[in-house]
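Colleague: attaching a predicted model along with its sequence, questions to come.
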Amino acid sequence: MHDLSLYLLEVIENSVRAGATTVATRIVADRVADLLTIAVDDDGPGLPVPPAEVLDPFFTTKAGKKTGLGLSLFRQEAEAAGGGLRMGHSQLLGGVEVEAWMQLTHVDRPPLGDVATTLVAMAAANPEVFFTVDLRDGEAHVLVKGAELPQQMPQLVAFQEALT
């Protein structure tokens, strides 16, 4: 079983690999609606093919690979937890948006995993990319931009721990 931070890593890596210079991650826990939403927007060049084709497990843009399982598995996990996954044009940044949602308390929802380390590691490994992270859980809200990510690690960890 994958945890959600690994799917998040895959989506962010896809954005960076496609040439995005800005990547915005949003994780929202709505306990009243029993909903967890994970979204990544970028300012990259957009999808090279229709979204349905990108979600096909046998589609990939990576040279030397024959499958592109990351997004199709993420969609499968979201659907198993009472949700779904969509992707398309990012209204926020103009590139691509990937958004997954699922029931927060669903027995089949994968664990959140180490989202804090995933986000900080991606920012450290890609200093040319401007990252923003928007985390919401009821009244709790963490908004971190760019170089602030490593300094805000304690807040990111506290957020992920509140959702486990």
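Modeller: Thanks, I have it.

Colleague: quick check: Glu161 vs Leu4, distance?
Modeller: Glu161 is 14 Å from Leu4, where distance means CB to CB, to the nearest Å. Quick note: C-beta positions are derived from backbone N, CA and C, even for glycine.

Colleague: more crowded one of these two?
Modeller: Between Glu161 and Leu4, counted using other CB atoms under 10 Å, the more crowded position is Leu4 (26 against 10).

Colleague: now for the more buried one: which residues touch it?
Modeller: Neighbour list for Leu4: Ile38, Glu77, Pro110, Pro111, Leu112, Gly113, Val115 [criterion: CB atoms under 8 Å, 6 or more residues apart in numbering].

Colleague: could you give the number of residues near the third one?
Modeller: Think Pro110. 19.

Colleague: that one contacts Leu8, doesn't it?
Modeller: No. Taking CB atoms under 8 Å as the definition, Pro110 is not a contact partner of Leu8, at 11.0 Å.

Colleague: could you list the low-pLDDT ranges of this structure?
Modeller: Along the chain, the parts satisfying pLDDT under 70 run over 1, 57-69.

Colleague: ranges for the helices of it?
Modeller: Assigned by DSSP state H, the helices in the chain fall at 4-17, 51-54, 69-80, 115-125, 153-162.

Colleague: highest average neighbour count across the ones you listed?
Modeller: Among the helices of the chain, ranked by average contacts under mean count of other CB atoms under 10 Å, first place goes to helix 4-17 (a mean of 21).

Colleague: angles on the backbone of Asp3, please.
Modeller: Reported as degrees, to the nearest 10, the phi and psi values for Asp3 are phi -90, psi 160.

Colleague: surely Val98 touches Val40?
Modeller: Yes. Between Val98 and Val40 there is a contact under CB under 8 Å: 5.1 Å.

Colleague: joint contacts of those two?
Modeller: Here Val98 and Val40 have Val11 as joint contacts, going by CB under 8 Å, 6+ apart.

Colleague: about what we covered before: now the two most distant members of the contacts of Leu4.
Modeller: The largest separation in the contacts of Leu4, counting by CB to CB, is between Glu77 and Val115 at 15.0 Å.

Colleague: circling back to that earlier point, among the helices of the chain, which is nearest Gln91?
Modeller: Nearest to Gln91 among the helices of the chain is helix 51-54; the distance by CB to CB comes to 14.5 Å.

Colleague: distance from the closest one to the middle of the chain?
Modeller: Centroid displacement of helix 51-54 relative to its chain, using CA atoms, centre = their mean, to the nearest Å, is 17 Å.
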